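Colleague: here is the input, now give the coordinates:
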Amino acid sequence: GYIEEDEQVQTNPELNETTREPRPTWLTILCILTFIGSGFNLLGWGISFLIYHQIPGLMESFIDMASSMNSMSDSMIEQYQTSMEMIMSIPRFYYALCAISAILAIMGAAFMMAMRKVGFHLYVASQILLACLPLFVVSQSMNYGGIIISMCFIAMYAVYYKKMR
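Modeller: The predicted structure is shown next:
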């Protein structure tokens with residue numbers, strides 16, 4: 001019969017049959033974890049991009065509400081205001097670029113679920129973009145914890161690279 005180009009197949013000459021080689025379970029788990037993590041990141045960065053101009057008002061409302069209920073000390077309010085100023089110093093397009101990196105990671109995982117090598121390359125590109133953005137856009141240091149996690153995922157995905165086509 002007809003075999004789709006995207007399917008990984010193996011021919012058994014003794015039985016004169018063609019069968020699909022199953023996707024490794026651990027690769028499936030890695031892809032699902034990427035879908036979850038990058039999906040939440042996409043949601044957060046996408047919302048931050050969309051409501052960027054309303055963030056100061058939302059944060060001010062929160063500070064006013066917490067102050068009126070005496071649920072925050074003066075030092076906590078100062079820390080919150082400092083955080084708000086730092087967040088607002090980040091340009092809006094930064095959140096769009098972060099969202100794009102999440103989309104690339106999700107696309108990469110989808111291609112790797114289909115056992116396609118291009119997915120690995122998309123995923124690696126997304127992680128490089130995400131690691132470099134703080135340096136070049138907001139002049140902050142790299143997130144070394146995030147980089148270590150990304151490197152672990154890249155290494156685990158690389159184990160299956162030769163099985164992909």
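
Colleague: what stretches of the chain score poorly on pLDDT?
Modeller: For the chain, the stretches with pLDDT under 70 are 1-20.

Colleague: who's in contact with M112?
Modeller: The neighbours of M112, taking Cβ atoms under 8 Å, 6 or more residues apart in numbering as the test, are 27, 30-31, 119-120, 123, 157, 160, 164. For the C-beta atoms, the positions are set from N, CA and C on the backbone; glycine is no exception.

Colleague: most neighbours, which of those residues?
Modeller: Y123 (26 neighbours; other Cβ atoms under 10 Å).

Colleague: my read is that it contacts A155, right?
Modeller: No. Between Y123 and A155 there is no contact under Cβ atoms under 8 Å: 11.7 Å.

Colleague: and which of the contacts of M112 is nearest to G146?
Modeller: Proximity of the contacts of M112 to G146 was ranked by Cβ to Cβ; the top entry is Y123 with 14.2 Å.

Colleague: most centrally placed residue in this structure?
Modeller: Centroid check for the chain by Cα atoms, centre = their mean gives S38 as the closest residue, at 3.0 Å.

Colleague: thanks a lot, see you next time.
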